[in-house]
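**Student:** sequence unavailable; structure follows:
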């Protein structure tokens, strides 16, 4: 057997899932399975104790699908990466997300992995985090008393992606005049894993950056903003030298990737490319 | 528990922690699904569930009750091979053959969704399937040929 024995639970609705999650000892949530099942195998191989209960969210309809209101897009937690990639709503309004989905792992993993799993698995190098922080995504959790609890993804990551709640959905507000750029550098391996990533989102109004969010993922920590660079970009009159000047206004502490000094140079190239892409008007 | 595999119902007595790959091979006797890396990297264990190529080594069998599962054994119609299988034979797209079931199923899932894929589409759809023999060029040729075959059969029917 590849896995240690556990009791498998497949609740039909979210209330039942929350009840099970709160009542069972040593339980783990299962979404698409691409992280959890592999993790359970690794733990077994290392001789480490594994959860006694697995609660699958697969049969719960209310956490599937993508919907929109006038103000925002709601991506339910069990939406797969492939569904996100193929969604016309994403293509039209958040092409940067589509770009990221295209690069995630491999085809069968994209077919299985979910948005909720990608954000809550607590791996630091996953792809969607930097983009969704740049888009100021809000996470909607199912509270134990039946009420919804909302927290920004940025705060969630500041809290080291710890939560005892079940993620229902992620929402993103529509904004006008938005320009985004996502740059990533990959590692050569069987599964396409980003070494580092940079996402810049700005509301490009009257040829100036506004409400800019610069988010970096160095692979070792959860995605975080470079507030110093954001302030610089929002304050300058963009020109030919803006991308180069931006490199003098980095919060260098967040680019420190410990032993991987070469990443600092790669970050600088990525930021320069991202700023230039935004100035050239790409929405991708 | 009942699993719908290749349009047949298999009544199986399994435990929650058994992966679909293990159940297909050890309980159902469908050994065409291969187990290789067992960590979601090689694609040898690929099956189709609800029209999508997925990895049976990281799928719990209990989690796919009621879903439509297709393994390599479900493709041919008696002695008549599926066009993708035939194309793999015709183009010598097989060396050791260990990756072939996964490659063929991933290709079938692609062609069912996109009957006229270009080279990029094929590479993208097969990016989760590793051929240790390095036979990718012939595999890509086979997928293109299968697409043409399926397209010409469709045209004739019209």
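**Tutor:** The structure has been received and is ready for your questions. Source: prediction; values computed, not measured.
**Student:** the residue lying closest to residue A:146 once chain neighbours are set aside: which element?
**Tutor:** The spatially closest residue to residue A:146, leaving aside those adjacent along the chain, is residue A:15, at 7.1 Å (Cβ to Cβ, 6 or more residues apart in numbering or on different chains). C-beta here means a position set from N, CA and C on the backbone, and glycine is covered the same way. Element membership of residue A:15, judged by DSSP states H and E, is helix A:14-23.
**Student:** show me what that helix is packed against.
**Tutor:** With contacts taken as 3 or more Cβ pairs under 8 Å, 6 or more residues apart in numbering or on different chains; DSSP states H and E, helix A:14-23 sits against strand A:27-30, strand A:53-56, strand A:138-142, strand A:166-173.
**Student:** between these, which gets nearest to chain B?
**Tutor:** Closest approach to chain B among the helices and strands packed on helix A:14-23 is made by strand A:53-56 (5.1 Å; Cβ to the nearest Cβ).
**Student:** so what are the sheet partners of the closest one and their directions?
**Tutor:** strand A:7-9 (parallel), strand A:27-30 (parallel) (DSSP bridges).
**Student:** neighbouring contacts of the first one?
**Tutor:** Same thing as strand A:7-9. Outside strand A:7-9, the residues within contact range by Cβ atoms under 8 Å, 6 or more residues apart in numbering or on different chains are A:20, A:24, A:27, A:52-56, B:15-17, B:60, B:62-63.
**Student:** again with stretch B:131-143
**Tutor:** With Cβ under 8 Å, 6+ apart as the criterion, stretch B:131-143 contacts B:84, B:87-88, B:90-96, B:98-99, B:103, B:107, B:110-111, B:117, B:119, B:122-123, B:126.
**Student:** same list, these, but only the ones touching chain A.
**Tutor:** Counting by Cβ under 8 Å from any Cβ of the partner chain, residue B:126 from the contacts of stretch B:131-143 sit close to chain A.
**Student:** neighbour-wise, which of the contacts of strand A:7-9 leads?
**Tutor:** Counting neighbours by other Cβ atoms under 10 Å in any protein chain shown, residue B:60 leads those with 28 neighbours.
**Student:** longest helix in the chain, please.
**Tutor:** By default, I'm working from chain A. Longest helix of chain A, by residue count under DSSP state H: helix A:262-280.
**Student:** other chain: chain B
**Tutor:** Longest helix in chain B, counting residues (DSSP H): helix B:136-157.
**Student:** buried residues in that one, which are they?
**Tutor:** B:136, B:138-147, B:149-150 (16 or more other Cβ atoms under 10 Å in any protein chain shown).
**Student:** contacting residues for residue 14?
**Tutor:** Just so you know, I chose chain A. Residues near residue A:14 by Cβ under 8 Å, 6+ apart: A:60, A:62-63, A:142, A:166, A:168.
**Student:** that was the other one, I meant chain B.
**Tutor:** Residue B:14 sits next to B:1, B:23, B:27, B:61-62 when contact means Cβ under 8 Å, 6+ apart.
**Student:** could you measure from it over to residue B:139?
**Tutor:** For residue B:14, the distance to residue B:139 (Cβ to Cβ, to the nearest Å) stands at 33 Å.
**Student:** in the sheet, who's paired with residue A:166?
**Tutor:** residue A:142.
**Student:** so how far is residue A:16 from it?
**Tutor:** 11 Å.
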